[in-house]
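Trainee: Pasting the sequence and the predicted coordinates here, then a few questions.
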Amino acid sequence: MKALNIIGGTYVENCYEPQYNNLFGSGFRGAQALAEKSFNINFYSCIGSNWLETAQYNSEVLGINSKFLLIERSVEWDYYHPLSPPVAINLPSKIYDIPRIKGENFLYYGMIEAQTKIEGNYVVYDPQNHKSFKETRSTAKHLALILNKKEALLFSDSDQTNLEGIGKSLLSTENAEVVVIKNGSQGALVFHKSEVTNIPVFETEKVWPIGTGDIFSAVFAWKWIIEKCSPHQSAFEASKHVAHYCQTRTLPLNLGTAVYQEITNPSIGNKIYLAGPFFSIGERYLINEFRNSLMDFGNRVFSPYHDAGILMDDYTNEQAKQIAEIDLKQIEDCNVVLAVATGKDLGTSVEIGYALSLGKKVIVFAENLNRNDLPMLIGTGCEVIEDFSTAVYKASW
């Protein structure tokens, strides 16, 4: 039976909005994602003694041959919300060395707490720790690099600024057979020989982004290494399985009869009007988090709080008129309105109504509204979302 050697982190993941706590990390998630398939999984990782029993139990249940190197304490990653930059907890005082591994097939995720050298035939490498494959001093006869946009820009030695130019350059400089550059809500680009192909995103009702990059790399390795699919087909299947994971958060991966619709013409840099109250520190924090996440996805964002200014309590009618004219003009010019409806703010209601009158796409983030407050929003075609990450993705598609 064929085997896939998976190397990567086993980390505790904590999220506060919404509440989430689990033992995954890139490597352990990838191993669990591909468990119970038609090949064996050998998993190499590090873990603290406080989580060793849980990791061993999960491995045994799923038939994963795990070899854990015991370290001081398990590394943890804290997210405030799923799109916020995580904070590392319990970083070790030294970098651990996992003994050199030789084999046929590898899925290698970079680790923050450990390093190893591999000698493989087919290797899929996902840096994670921002170290290039060359820096690991490993070797591969057939190498596929799975990068996000930031990693691609980091590793590129060329003067190119567009992803197509960067991807073609990386094929040469990294001595890779395949390069995949993921670009968030815009999908991905696959570079193989002289070909560049686009990989779509598949639409879901819910989006859980923590770990989606791990899933993409795992499925790509499965399809490209084990099933010998083309790089394009492997990435296409990876994107589809990512959608299933976003929707269900279930592992091991099993699409079953699930069908997801391809987003055929994703907008490149939507202009988004970000509506919502900003009368308290909590409301301003939420508006700021939405703005940052939307801009990270390449959108242009107009936020009345950031871009139009705040009226003081003693504002005049003329000042109110000037602010209203600015805001309404921006709604006219936008593609999408994302409205944060965390309370009964009259200004946000006016902005939603004006956008609807112009036929604009309206996403309403309604985390704590009473259901009795929603009929007019739902009935007029607004897409009402209760989850932060899903609202950002829906506005960006």
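Mentor: Structure received.

Trainee: C-alpha only now, for contacts and for neighbours.
Mentor: OK.

Trainee: name the element the most centrally placed residue in the chain belongs to?
Mentor: The central residue of the chain, meaning the one whose C-alpha is nearest the mean C-alpha position (Cα atoms, centre = their mean), is P209 at 4.4 Å. Taking DSSP states H and E as the definition, P209 sits outside all helices and strands.

Trainee: Can I get stretch 223-238 in PDB, CA atoms only?
Mentor: In PDB, the C-alpha atoms belonging to stretch 223-238 read as follows (Å, rounded to 0.1, in the frame of the first residue of the first chain):
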ATOM      1  CA  LYS A 223      -4.200  14.100  -5.500                       C
ATOM      2  CA  TRP A 224      -0.800  15.000  -7.000                       C
ATOM      3  CA  ILE A 225       1.400  12.500  -5.200                       C
ATOM      4  CA  ILE A 226      -0.900   9.500  -4.500                       C
ATOM      5  CA  GLU A 227      -3.500   9.700  -7.300                       C
ATOM      6  CA  LYS A 228      -1.100  11.200  -9.900                       C
ATOM      7  CA  CYS A 229      -3.500  13.900 -11.000                       C
ATOM      8  CA  SER A 230      -2.300  16.900 -12.900                       C
ATOM      9  CA  PRO A 231      -1.300  20.000 -10.800                       C
ATOM     10  CA  HIS A 232      -4.300  21.900 -12.100                       C
ATOM     11  CA  GLN A 233      -6.700  19.100 -11.200                       C
ATOM     12  CA  SER A 234      -5.100  18.600  -7.800                       C
ATOM     13  CA  ALA A 235      -5.500  22.300  -7.000                       C
ATOM     14  CA  PHE A 236      -9.100  22.200  -8.200                       C
ATOM     15  CA  GLU A 237      -9.900  19.300  -5.900                       C
ATOM     16  CA  ALA A 238      -8.100  21.000  -3.100                       C
END
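
Trainee: what sits up against it?
Mentor: With Cα atoms under 8 Å, 6 or more residues apart in numbering as the test, stretch 223-238 has contacts from 2, 4, 39, 105, 122-123, 178, 180, 190, 192, 197, 199-200, 215-221.

Trainee: Repeat the analysis, applying 6 Å as the threshold.
Mentor: I199, F216, V219, F220 (Cα atoms under 6 Å, 6 or more residues apart in numbering).

Trainee: Which of the residues you listed fall in helices?
Mentor: Mapping these onto helices (DSSP state H) picks out F216, V219, F220.

Trainee: and the closest residue in space to T212 that isn't next to it in sequence, what helix or strand is that in?
Mentor: Take T212 and drop its neighbours on the chain: the residue closest to it by Cα to Cα, 6 or more residues apart in numbering is V242, 5.8 Å away. Following DSSP H and E, the helix or strand that holds V242 is helix 231-248.

Trainee: give me the low-pLDDT residue ranges for the stretch 251-397 of the chain?
Mentor: Along the stretch 251-397 of the chain, segments meeting pLDDT under 70 span 266-268.

Trainee: which residues of it fall in helices?
Mentor: For the stretch 251-397 of the chain, helices defined by DSSP state H, counting those that start in this stretch occupy the ranges 281-296, 317-333, 346-357, 375-379, 388-396.

Trainee: And the nearest residue to P99 once chain neighbours are set aside, how close does it get to E174?
Mentor: The spatial neighbour of P99 that comes closest, neighbours along the chain excluded (Cα to Cα, 6+ apart), is T116 at 6.3 Å. For T116, the distance to E174 under the criterion Cα to Cα, to the nearest Å works out to 18 Å.

Trainee: Run through the bridge partners of the nearest residue to K360 once chain neighbours are set aside.
Mentor: Distances taken as Cα to Cα, 6+ apart place V336 nearest to K360, at 6.1 Å, with adjacent residues excluded. Taking DSSP bridges, one obtains I272, K361 as the residues bridged to V336.

Trainee: V336 against I272, yeah?
Mentor: Yes. Distance between V336 and I272: 4.9 Å, which falls inside the contact criterion (Cα atoms under 6 Å).

Trainee: Name the residue in those two with the higher neighbour count.
Mentor: For the pair V336 and I272, the greater number of neighbours falls to I272 (27 against 24), based on other Cα atoms under 10 Å.

Trainee: Tell me which residues touch the more buried one, please.
Mentor: With Cα under 6 Å, 6+ apart as the criterion, the residues that contact I272 are V301, C334, V336, V337.

Trainee: how much space between the first one and Y273?
Mentor: This means V301. Separation of V301 from Y273 (Cα to Cα): 6 Å.

Trainee: These two: who's more crowded?
Mentor: Residue environment comparison for V301 versus Y273 gives the larger neighbour count to Y273, 28 against 24, counting by other Cα under 10 Å.

Trainee: Would you check that that one makes contact with P304?
Mentor: No. With contacts counted by Cα under 6 Å, Y273 stays clear of P304, the gap being 8.3 Å.

Trainee: shared neighbours, the two?
Mentor: Taking Cα under 6 Å, 6+ apart as the criterion, Y273 and P304 do not both touch any residue.

Trainee: so how far does stretch 1-14 reach from one end to the other?
Mentor: End-to-end for stretch 1-14, by Cα to Cα: 36 Å.

Trainee: Please apply the same query to stretch 347-366.
Mentor: With Cα to Cα as the measure, the ends of stretch 347-366 fall 15 Å from one another.

Trainee: tell me which residues in that stretch are buried?
Mentor: Buried residues in stretch 347-366, counted by 16 or more other Cα atoms under 10 Å: 348-349, 351-353, 355-356, 360-366.

Trainee: Could you do stretch 194-214 as well?
Mentor: Applying a neighbour-count criterion of 16+ other Cα under 10 Å, the buried positions in stretch 194-214 are 196, 198-204, 206-214.

Trainee: Next, check these against the strands and list the overlap.
Mentor: The subset of those located in strands under the criterion DSSP state E comprises V196, N198, I199.

Trainee: could you redo the residues you listed as TSV and give each row distance to F43 and pLDDT?
Mentor: Formatted as TSV, the entries for these read as follows, by distance: Cα to Cα, whole Å; pLDDT from 0 to 100:
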residue	distance to F43	pLDDT
V196	32	96
N198	31	95
I199	28	96
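
Trainee: E386: which of those is nearest?
Mentor: Nearest to E386 among those, counting by Cα to Cα, is I199 at 28.1 Å.
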